[in-house]
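K.L.:
mind folding the following:
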Amino acid sequence: MTQSTTTLASVFGKTRAEGRAALIGYLPAGFPTKEGGVAAASAMVESGCDVIEIGLPYSDPLMDGPTIQDAVHRSLTNRTRIADVLRTVEGVAATGAATLVMTYWNPIDRYGAERFARDLADAGGAGTITPDLTPEESQEWREASAKAGIDTVFLVAPSSTEERIAAVTECCSGFVYAASLMGVTGARESVGSAAESLVKRTRSHTELPVCVGLGVGTGAQAAEVAGYADGVIVGSAFCRRLLDAPDEAAGLRAVGELAAELAAGVRRSGH
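P.N.:
From the prediction side, this is the model:
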């Protein structure tokens with residue numbers, strides 16, 4: 001891992017000391033353009049995101065809703081490759097935010113687990129989120145990641161049994177990703193009520209921070225989730241601002257404004 005890498009442990013240490021949840025923003029690499037993605041993520045950090053997830057665009061995204069699919073399609077049209085993803089990580093990590101890659105397992109498998117972990121660490125990446133990699137199949141990736149000094153984040157869902165939550169948290173480092181509802185990603189009117197009980201259940205199995213994603217799109221929702229979770233993950237709402245923007249400058253302003261609203265939300269939650 002490079003000297004300048006901000007780790008997840010240091011981010012959660014800081015947010016805990018400040019008595020608040022962390023704000024985690026997501027964008028696919030190469031969206032709206034390769035350079036524009038770095039600029040947008042940097043604007044999000046400047047306006048209050050503590051952690052950035054960079055999506056590795058994939059042609060068959062299982063858990064992505066229509067908004068993120070549109071963003072990923074734009075990224076694939078821009079011919080975004082793993083090298084571009086790593087360059088994006090490097091650009092975003094330079095802001096001082098802990099920077100993760102969110103990816104399905106297949107691209108890592110094809111690239112080579114050890115090579116991917118090493119190259120991500122060299123780019124200043126702090127870890128990965130692998131939504132479709134099961135605990136049973138994760139050993140190779142966890143070993144490669146540990147060797148490179150990067151974190152591995154896995155997902156629990158409201159449908160997860162206690163046994164499953166125990167198995168998933170056992171594989172996690174950095175934090176545990178609690179999907180707030182069944183189904184695909186996307187901002188919604190309300191965050192699933194199952195989220196709070198899922199966080200409680202997950203905490204009984206691990207000391208790691210538990211962060212909630214899927215469905216958060218406003219400062220009020222961020223404040224609500226930050227009242228019971230260690231981190232609030234927002235993806236579709238940022239993608240939507242960029243998709244709706246008439247030009248790149250307007251898009252940067254829009255994601256900055258949203259990040260500021262969400263950052264104010266996580267700070268007023270009375271965490």
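
K.L.:
which SS state does the closest residue in space to Y228 that isn't next to it in sequence fall under?
P.N.:
Nearest non-adjacent residue to Y228, counting by CB to CB, 6 or more residues apart in numbering: E196, 4.9 Å away. Every residue, glycine included, has its C-beta placed from N, CA and C. Following DSSP: H, G, I helix; E, B strand; the rest coil, E196 is assigned to helix.

K.L.:
ranges for the strands of the chain?
P.N.:
With DSSP state E as the criterion, the chain has strands at 22-28, 51-55, 98-102, 127-129, 151-153, 155-156, 176-179, 210-213, 231-234.

K.L.:
pretty sure L100 contacts A126?
P.N.:
Yes - counting by CB atoms under 8 Å, A126 is a contact partner of L100 at 5.8 Å.

K.L.:
quick check: neighbours shared by the two?
P.N.:
L8, V51, D151, G174 (CB atoms under 8 Å, 6 or more residues apart in numbering).

K.L.:
can you pick out the most distant pair from the residues you listed?
P.N.:
Using CB to CB, the shared contacts of L100 and A126 reach their maximum pairwise distance at V51 and D151, which is 10.7 Å.

K.L.:
between the two, which contacts overlap?
P.N.:
Joint contacts of V51 and D151 (CB under 8 Å, 6+ apart) are L8, L100, A126.

K.L.:
ok, back up a step: which of the shared contacts of L100 and A126 are buried? Put it as a ChimeraX command.
P.N.:
Buried residues within the shared contacts of L100 and A126, by 16 or more other CB atoms under 10 Å, are selected in ChimeraX with:
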select :8,51,151,174
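
K.L.:
rebuild the shared contacts of L100 and A126 as CSV, extending it with pLDDT and distance to D132.
P.N.:
As requested, these are exported to CSV (pLDDT from 0 to 100; distance: CB to CB, whole Å):
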residue, pLDDT, distance to D132
L8, 98, 21
V51, 98, 21
D151, 98, 18
G174, 97, 18
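
K.L.:
where does the protein dip in pLDDT?
P.N.:
When residues are selected by pLDDT under 70, those of the chain lie in 1-4, 60-64, 181-192, 269-271.

K.L.:
can you give me the helices in it?
P.N.:
For the chain, the helices defined by DSSP state H occupy 8-17, 34-46, 66-77, 82-93, 105-111, 113-122, 139-148, 162-171, 194-203, 219-226, 236-244, 248-267.

K.L.:
may I have the second one as CSV, with CA atoms only?
P.N.:
Looking back up the chat, that one is helix 34-46. Output of helix 34-46 as CSV, limited to C-alpha atoms (Å, rounded to 0.1, in the frame of the first residue of the first chain):
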residue,chain,number,x,y,z
LYS,A,34,-12.6,9.2,-17.6
GLU,A,35,-11.3,12.5,-16.4
GLY,A,36,-14.8,13.7,-15.4
GLY,A,37,-15.2,10.8,-13.0
VAL,A,38,-12.1,11.8,-11.1
ALA,A,39,-13.3,15.4,-11.0
ALA,A,40,-16.8,14.4,-9.8
ALA,A,41,-15.5,12.1,-7.1
SER,A,42,-13.1,14.8,-6.0
ALA,A,43,-15.9,17.4,-5.8
MET,A,44,-17.8,14.9,-3.6
VAL,A,45,-14.8,14.6,-1.2
GLU,A,46,-14.4,18.4,-1.1
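
K.L.:
next, the buried residues of that helix.
P.N.:
Using 16+ other CB under 10 Å as the test for burial, helix 34-46 gives K34, G36, G37, V38, A39, A40, A41, S42, A43, M44, V45.

K.L.:
and those residues as JSON lines, adding distance to Q139?
P.N.:
Formatted as JSON lines, the buried residues of helix 34-46 follow (distance: CB to CB, whole Å):
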{"residue": "K34", "distance to Q139": "34"}
{"residue": "G36", "distance to Q139": "37"}
{"residue": "G37", "distance to Q139": "32"}
{"residue": "V38", "distance to Q139": "33"}
{"residue": "A39", "distance to Q139": "38"}
{"residue": "A40", "distance to Q139": "35"}
{"residue": "A41", "distance to Q139": "31"}
{"residue": "S42", "distance to Q139": "35"}
{"residue": "A43", "distance to Q139": "38"}
{"residue": "M44", "distance to Q139": "34"}
{"residue": "V45", "distance to Q139": "33"}
